[in-house]
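Engineer: Below is the sequence, then the predicted model.
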Amino acid sequence: MFNLLKYWLFLCLLPFNAAHADSEIQQRLLQADSYRLQSRSAKVVTIVSQYKHQQRTKQHRYHVYIRPEQKSLVVFKASAERGQKLLMLGDKYWLLMPNSRRPIRITPMQKLLGEASVGDISTLTWSESYRGKIGDSAELNGKPAIKLQLQAKTSGATYQKIELWVEQANNFPLQADLYLRSGKLAKQAYFSAGQRDGRIVVQSMTLIDSIQSYKSTQIDYQSVTDYRLADKYYNPAYLSQQSLDQL
């Protein structure tokens, strides 16, 4: 009788435990997101630098306009890419070239520069695109850390699976293993802390090639400011007719 009672209590607590686990992972992801993006609508000035054997080979500048519900507009600012634009609307991505009025459908894994893909630049949140569970605990660089095992919940997510390590105390992101749909490790990401407006933020993300480790790409978030771009800019038909040099 006692064993049956214990089993009954276990079954009754299952929904509670599952809900608690879902709530905890969501809260940890939201806090991890907040270190990269401090406002739901923002302009992010992003510098992407490509390195080979720790020597910089290229550097490009992008202005990224983020809005809720997975909307992003990326305006290319490097002279070699002048006039190019990238639009993300949920699971759909378009590349717009300066001499063409026909938007080109692309995937979030499309290479942008070095190891940085379209999705690495246009998406700054995990909580919108991934669900997961709490994994192992360990010490990384002298800091108690916990692993968040994330699975994509949208078809437009850049990676199918992410193993994200965050500081156990405050959920600051430390590093991540990024996996493709095939299950192959695509690259590793390392996050560096900095200060902006008196608060701790992710200052940069460094991506390391999973095979050619001498190749790396650093994404610096030079500035993040509250900014809400007008709705018309999130329309591929409208964008194809605009230069956007002013943005």
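Structural biologist: Looks like it arrived, so ask away. Numbers count the residues shown, from 1 in each chain.
Engineer: what's the residue closest to the geometric middle of this structure?
Structural biologist: For the chain, the residue nearest the mean C-alpha position is L124 (3.8 Å; Cα atoms, centre = their mean).
Engineer: residue contacts, the residue lying closest to S127 once chain neighbours are set aside?
Structural biologist: What sits nearest to S127 in space, not counting adjacent residues and going by Cβ to Cβ, 6 or more residues apart in numbering, is L29, at 4.1 Å. For every residue, glycine as well, the C-beta is placed using N, CA and C. Going by Cβ atoms under 8 Å, 6 or more residues apart in numbering, L29 touches 126-127, 130, 132, 148, 150.
Engineer: ditto for H60
Structural biologist: Going by Cβ under 8 Å, 6+ apart, H60 touches 47-48, 76-78, 80-81, 113.
Engineer: Of all pairs in those, which one is the farthest apart?
Structural biologist: Farthest pair in those (Cβ to Cβ) is I47 and A80. Separation: 14.6 Å.
Engineer: Quick check, I25 in contact with S127.
Structural biologist: No - here I25 does not reach S127: they are 9.2 Å apart, not a contact under Cβ atoms under 8 Å.
Engineer: re earlier: list buried members of the contacts of H60 by neighbour count.
Structural biologist: Among the contacts of H60, those classed as buried by 16 or more other Cβ atoms under 10 Å are 47-48, 76-77, 81, 113.
Engineer: ok, so of the residues you listed, who is nearest S34?
Structural biologist: I47 (21.4 Å).
Engineer: what's the distance between that closest one and R61?
Structural biologist: To R61, I47 is 6 Å away according to Cβ to Cβ, to the nearest Å.
Engineer: Tell me where this structure has helices.
Structural biologist: Assigned by DSSP state H, the helices in the chain fall at 2-34, 118-122, 236-239.
Engineer: Lowest average pLDDT across the ones you listed?
Structural biologist: Mean pLDDT is lowest for helix 2-34 out of the helices of the chain, coming in at a mean of 65.
Engineer: residues near R131, how many?
Structural biologist: 15 (other Cβ atoms under 10 Å).
Engineer: For the remainder of this discussion, apply numbering that starts at 344.
Structural biologist: From this message on, residue numbering opens at 344, which makes the last subject R474.
Engineer: quick one: contacts for it?
Structural biologist: 365, 368, 493-494, 496.
Engineer: By mean pLDDT, point me to the weakest helix or strand of the protein.
Structural biologist: helix 345-377 (a mean of 65; mean pLDDT, DSSP states H and E).
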